[in-house]
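Colleague: any chance you can model this:
(one chain, ligands or ions: 3)
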Amino acid sequence: MRKINIFDTTLRDGEQSAGVNLNLQEKLEIARQLERLKVDIIEAGFPAASKGDFQSVKQIAETIKHSSVTGLSRSVQSDIDTAWEALKGGAEPRLHLFIATSPIHMAHKLRMTPEQVIEAAVSSVKYAKRYFPIVQWSAEDACRSELPFLAEIVAKVIEAGASVINIPDTVGYITPKEYGEIFDFLRKNVPNIEKISLSAHCHDDLGMAVANSLAAIEHGATQIEGTINGIGERAGNAALEEIAVALYIRKDYYKAETGLNLQEIKRTSNLVSKLTGMTLPANKAIVGKNAFAHESGIHQDGVLKEKTTYEIISPELVGVQSNSMVLGKHSGRHALRNRVVELGYTLSEAEINKLFVRFKELADKKKDITDDDLVALIFEEKFDLFKEFYQLSSIQVQYGTNQIPTAVVVLMDGQGNEIQEAATGAGSVESLYNTLERCFKTEVKLLDYRIESVSGGRDALAQVFVKVRVNEMETSGRGTAQDVLEASAKAYINAVNRVFMIEKMREENQKVVIKN
Ligand SMILES: CC(=O)SCCNC(=O)CCNC(=O)[C@H](O)C(C)(C)COP(=O)(O)OP(=O)(O)OC[C@H]1O[C@@H](n2cnc3c(N)ncnc32)[C@H](O)[C@@H]1OP(=O)(O)O
Ligand SMILES: CC(C)C(=O)C(=O)O
Ligand SMILES: [Mg+2]
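Modeller: Ligands and ions are numbered 1, 2, ... in the order given. Next up is the predicted model:
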């Protein structure tokens, strides 16, 4: 069996999904879960992109011990210096350098000649090697590059010290056969290529990211890059859970394996989906709600007689399990703490105590607290870091079939001031959002609104996801409550607070630049 290294870029390319903004706490939690999943490399961000990205990469590098942590950098010395400051505290600092090699990118985006691109690539690898023991080099838009040029630049960056060469299909253009041929060409035409590791990085614009990644493995790639749930720029990246399970189930064919702990897949997928607000289609392979559901009679009959008639993957393989211990209003802190740990969350004693209060409040209203309920409460406690901005105190909404819906909202503004406003709308949620907009004194455009129940039953918690645009910035928010209107208000406040948080960080960034 060949070992395939898994390079997870959920926190970098995944966060490039439109409308996704993860805060430091959320990124750390995802990084810890990726470590549990046993990914080999975590790309934690792009340190030179912003102060927030820098801090997240630094903290993740200093926290994660069993996966190696990397950050992205342009072929620019100041990006490399910043990346070193962020990554130097990690167990095995490595840098991910990139520059585009396709004629279209070189001519129009970089406005550089091919010779200048080679010079920038080589000098940046040499410069990075002064700091970093491991330098990965990526040829952005490799799949639309001229192969002799690609081979020439790859040979030169290997000579300069790069030990991992990544061949990205940046725009999701390639087919599996062609992608395999690029790997074959490089292996045949680049001196010393056997001394480095070849990596694949695929995008899903034509729905071929996973197939292309698997083709790369067949043609010599020993590292695969992708994201959990396949999130990422435009149509997303290759879904790592699909690649890992395909290699496992078809090991007879691929004769390659990852070091992933497959049982952590479902939990990782849930965490990423909840924190990014990117819900999964029910039919998504491996992690979708219906991935193991047999609906039709003939299938059910087959599965009852012999599971393998229709089931090639057992749900337990990827960590889909039912929990036998039921938490309810008579449960205590021990059972709660135990379940939180089993669910894979790291909570301080103070956070457990706060969670316990919320848990008891909910248990008074709802008979059994499911794992999904608990996770929703954990998210509310742990990841709402924007309390320094607006916080909901109370809402009151009047609705009647022959009345104009009217809402009254009381908010705290972070400096301890109370804001109270009222407004009407075409429906209850609109009246609530119109009122909140008055409180914020900023125009907020609602782009998307989704509601789902956290678990089954009439007393289930409601979870609302919204996407909004404020001050030209798109962001998402989520809110959970037993009442749909309260959950709606919380999601809206969460999204708007995120914008204020990002604006505050940008202002601080600018101050740093001015100071320098
Ligand atoms: C394929 C990918 O996924 S690449 C990663 C994409 N991710 C991101 O862009 C997210 C983070 N990016 C950012 O925050 C910003 O783009 C920053 C901070 C990096 C740069 O911001 P700005 O200085 O304002 O530049 P801006 O983004 O407008 O333009 C990019 C510049 O970098 C240049 N550039 C792009 N790639 C590279 C590279 N690999 N090496 C060197 N220069 C590069 C472009 O040619 C352009 O240069 P120009 O200003 O001389 O025309
Ligand atoms: C930075 C590189 C690796 C990238 O994300 C791409 O080309 O898609
Ligand atoms: Mg990419």
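
Colleague: let's verify residue 39: helix, strand, or coil?
Modeller: Using DSSP: H, G, I helix; E, B strand; the rest coil, the structure places residue 39 in coil.

Colleague: per-residue confidence for it?
Modeller: At residue 39, the model reports a pLDDT of 98.

Colleague: before we move on, what about residue 361?
Modeller: We have a pLDDT of 87 for residue 361.

Colleague: how about residues contacting the helix or strand containing it?
Modeller: According to DSSP states H and E, residue 361 maps onto helix 349-365. Contact with helix 349-365 is made by 327-329, 331, 333, 336-337, 340, 347, 369, 373-374, 377-378, 380-382, 459, 461, 482, as judged by Cβ atoms under 8 Å, 6 or more residues apart in numbering. (C-beta placed from N, C-alpha, C; glycine too.)

Colleague: 6 Å instead?
Modeller: 328, 329, 333, 336, 337, 369, 377, 381, 482 (Cβ atoms under 6 Å, 6 or more residues apart in numbering).

Colleague: pick the one among those residues closest to ligand 1.
Modeller: The closest of these to ligand 1 turns out to be residue 381 (Cβ to the nearest ligand atom; 30.2 Å).

Colleague: what's around that closest one, how many residues?
Modeller: 18 (other Cβ atoms under 10 Å).

Colleague: check which helix or strand it maps to.
Modeller: Using DSSP H and E, residue 381 sits within helix 371-383.

Colleague: before we move on, what about residue 42?
Modeller: Using DSSP H and E, residue 42 sits in strand 41-43.

Colleague: after that strand, which helix or strand is next?
Modeller: Going down the chain from strand 41-43, the next helix or strand is helix 51-63, by DSSP H and E.

Colleague: helices or strands next to that next one in the packing?
Modeller: Under the contact criterion of 3 or more Cβ pairs under 6 Å, 6 or more residues apart in numbering; DSSP states H and E, helix 51-63 touches helix 24-37, strand 68-74, helix 77-87, helix 484-515.

Colleague: low-confidence regions, this structure specifically.
Modeller: 321-326, 383-388, 505-506, 508-516 (pLDDT under 70).

Colleague: show me which residues of the stretch 51-200 of the chain are close to ligand 2?
Modeller: Counting by Cβ under 6 Å from any ligand atom, the stretch 51-200 of the chain comes close to ligand 2 at 72, 98, 138, 140, 166, 168, 170.

Colleague: quick check: phi and psi on the fourth one?
Modeller: Read it as residue 140. phi -60, psi 140 (degrees, to the nearest 10).

Colleague: nearest spatial neighbour of it, skipping sequence neighbours?
Modeller: Excluding its sequence neighbours, the residue lying closest to residue 140 (Cβ to Cβ, 6 or more residues apart in numbering) is residue 100, at 4.0 Å.

Colleague: re the thing from before, hmm, the strand holding residue 42 touching ligand 1?
Modeller: No: on the criterion Cβ under 6 Å from any ligand atom, strand 41-43 is out of touch with ligand 1, staying 10.5 Å away.

Colleague: ok, whichever residue of the stretch 201-350 of the chain sits closest to ligand 2 - contacts?
Modeller: Nearest residue of the stretch 201-350 of the chain to ligand 2, counting by Cβ to the nearest ligand atom: residue 201, 4.9 Å away. By Cβ under 6 Å, 6+ apart, the contact list for residue 201 reads 166, 168, 225.
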